[in-house]
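>>> predicted structure and sequence below. I'll ask about it afterward.
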Amino acid sequence: MFGKLKNRENLAVKHRKTKIFTFFLLSFLLFSFGCEISNLSAQNANKMRDIADDLGRKIKIPEKVERVVSLAPNLTENIFAVGAGDRLVGVTTYCNYPEEAQKIEKVGDTINPNMEKIIALKPQIVFVSTASQIETFTKQLEAQNITVFVMNPKSLNDVMTNLRQLGDIFGTPGLTGEKLNILQARILEVEEKVMDKPKVKTFVQISDEPLFTVGKESFLTEIIERAGGVSVTKDVPTAYPKLSKETALALNPDVLILSESPDNTEPNEVFKNSNAVKKGKVYKINADLLSRPSLRLVDGLEQLAEVLHK
């Protein structure tokens with residue numbers, strides 16, 4: 001009798017030992033499997049790809065982009081447009097559109113961003129709009145493994161190209177493609193409407209005093225052409241030249257466009273005897289639509305086409 005009880009106790013002990021061993025074995029296997037999954041995830045997260053920016057530089061960016069900073073209002077607008085606004089962790093004080101952009105952490109202005117704040121936000125990419133911006137802080141950011149990516153569109157087609165590229169960077173090509181199709185249709189509609197209409201002599205006043213306008217290198221010169229006009233300053237060197245009153249007086253535009261801002265609400269006095277002022281063909285268009293090479297440039301194109309042919 002005693003021997004049977006002893007055997008039962010030995011069997012029970014062996015059973016408990018087997019259960020304990022099995023438990024630890026399963027725990028080890030699950031832990032190992034979990035570590036393997038984590039390692040694979042980390043490898044995927046760190047996987048890089050090559051892409052060229054608008055300076056033609058081949059740059060390495062993460063396969064999955066989740067944290068970025070924008071140092072230009074037009075780039076902020078375009079990042080939101082491709083469905084990646086939630087990945088912006090920092091923008092400039094000038095980034096006021098769309099409304100959600102105003103809630104994002106500010107990192108200074110376009111020319112003098114706060115580098116310490118940018119680094120603290122740990123972005124994977126910092127988007128800038130001009131080559132001059134990157135000269136001052138590229139090395140500082142790259143030392144922190146932060147990529148500097150230049151997007152500097154100089155035409156409406158460049159804006160469309162940048163949008164498509166942003167869709168690729170953020171992994172939203174479907175949504176981006178749909179928006180691009182709509183924008184291209186709107187552009188085509190404007191061009192068809194003005195195709196057979198005479199070109200209208202147009203002056204764009206960027207500021208009243210001093211008198212700044214758009215020149216040969218400005219994307220707005222092209223937009224005026226697409227809208228059925230011809231800029232009377234299209235051959236003036238640089239993008240945004242300052243004009244003397246003597247030069248402006250000889251231009252005599254038929255339409256005067258004010259890039260509307262608080263300090264640019266009336267035509268410069270030099271135009272008081274121009275055809276535009278005499279005939280009441282002075283129109284205001286939101287400055288952001290004319291100054292930012294973003295997808296809203298198409299809004300500016302439509303408004304220009306409408307007022308030029310009134």
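Looks like it came in fine.
>>> which element follows the helix-or-strand element of the chain with minimal mean pLDDT toward the C-terminus?
One helix or strand of the chain scores below all others by mean pLDDT, DSSP states H and E: helix 2-46, with a mean of 48. Toward the C-terminus, helix 2-46 is succeeded by strand 48-52 as the next helix or strand (DSSP states H and E).
>>> give me the buried positions along that following strand.
In terms of neighbour count (16 or more other C-beta atoms under 10 Å), strand 48-52 has no buried residues at all. In short, each C-beta sits where N, CA and C put it, glycine included.
>>> report the buried residues of the next helix or strand after that strand.
Using DSSP H and E, the helix or strand that follows strand 48-52 in sequence is strand 58-62. For strand 58-62, the buried set under the neighbour-count rule, 16+ other C-beta under 10 Å, comprises 59, 61, 62.
>>> hey, where'd the helices end up in the stretch 201-310 of the chain?
Taking DSSP state H, counting those that start in this stretch as the test, the helices found in the stretch 201-310 of the chain are 219-226, 245-249, 275-278, 287-291, 297-308.
>>> quick one: closest of the ones you listed to residue 206.
Nearest of the helices of the stretch 201-310 of the chain to residue 206, taken as C-beta to C-beta: helix 287-291 at 7.8 Å.
>>> how about the closest one as PDB, C-alpha atoms only?
Extracted in PDB, the C-alpha atoms of helix 287-291 (Å, rounded to 0.1, in the frame of the first residue of the first chain):
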ATOM      1  CA  ALA A 287      -1.300  87.000 -51.900                       C
ATOM      2  CA  ASP A 288      -0.900  83.400 -50.700                       C
ATOM      3  CA  LEU A 289      -2.500  82.100 -54.000                       C
ATOM      4  CA  LEU A 290       0.000  84.100 -56.000                       C
ATOM      5  CA  SER A 291       3.200  83.800 -53.900                       C
END
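>>> now it: mean pLDDT?
Helix 287-291 shows a mean pLDDT of 94.
>>> list the helices and strands it packs on?
Helices and strands touching helix 287-291, as assessed by 3 or more C-beta pairs under 8 Å, 6 or more residues apart in numbering; DSSP states H and E, comprise strand 255-260, helix 297-308.
>>> which residues touch residue 155?
Neighbour list for residue 155: 219, 222 [criterion: C-beta atoms under 8 Å, 6 or more residues apart in numbering].
>>> backbone phi and psi for it, please?
phi -160, psi 170 (degrees, to the nearest 10).
>>> how close does the nearest residue to residue 167 once chain neighbours are set aside get to residue 169?
Of all residues not flanking residue 167 in the chain, residue 176 sits nearest, at 2.8 Å (C-beta to C-beta, 6 or more residues apart in numbering). As judged by C-beta to C-beta, to the nearest Å, residue 176 and residue 169 stand 10 Å apart.
>>> ok, now residue 285?
Distance, residue 285 to residue 169, using C-beta to C-beta: 31 Å.
>>> repeat that for residue 272.
For residue 272, the distance to residue 169 - C-beta to C-beta - is 49 Å.
>>> same question for residue 162.
Computed with C-beta to C-beta, the distance linking residue 162 and residue 169 is 10 Å.
>>> picking up where we left off before, which one of residue 272 and residue 169 has more residues nearby?
residue 169 (22 against 10; other C-beta atoms under 10 Å).
>>> skip the chain neighbours and tell me the closest residue to that one.
residue 65 (5.7 Å).
>>> stretch 295-308: how far from the chain's middle?
The chain centre lies 19 Å from the centre of stretch 295-308; the measure is C-alpha atoms, centre = their mean, to the nearest Å.
>>> show me the shaky parts of the protein.
For the chain, residues meeting the criterion pLDDT under 70 lie at 1-46, 131-136.
>>> all the helices of the stretch 51-200 of the chain, residue numbers only.
73-81, 115-120, 131-142, 156-170, 173-194.
>>> any chance of these in JSON lines, with distance to residue 208 too?
Below are the helices of the stretch 51-200 of the chain laid out as JSON lines (distance: least, C-beta to C-beta, whole Å):
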{"stretch": "helix 73-81", "distance to residue 208": "22"}
{"stretch": "helix 115-120", "distance to residue 208": "35"}
{"stretch": "helix 131-142", "distance to residue 208": "27"}
{"stretch": "helix 156-170", "distance to residue 208": "27"}
{"stretch": "helix 173-194", "distance to residue 208": "28"}
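>>> ok, residue 51 touching residue 61?
Yes. Counting by C-beta atoms under 8 Å, residue 51 touches residue 61, with 5.7 Å between them.
>>> any common contacting residues for these two?
Common neighbours of residue 51 and residue 61 are listed as residue 169 (criterion: C-beta under 8 Å, 6+ apart).
>>> grab the nearest non-local neighbour of residue 236.
Of all residues not flanking residue 236 in the chain, residue 215 sits nearest, at 4.1 Å (C-beta to C-beta, 6+ apart).
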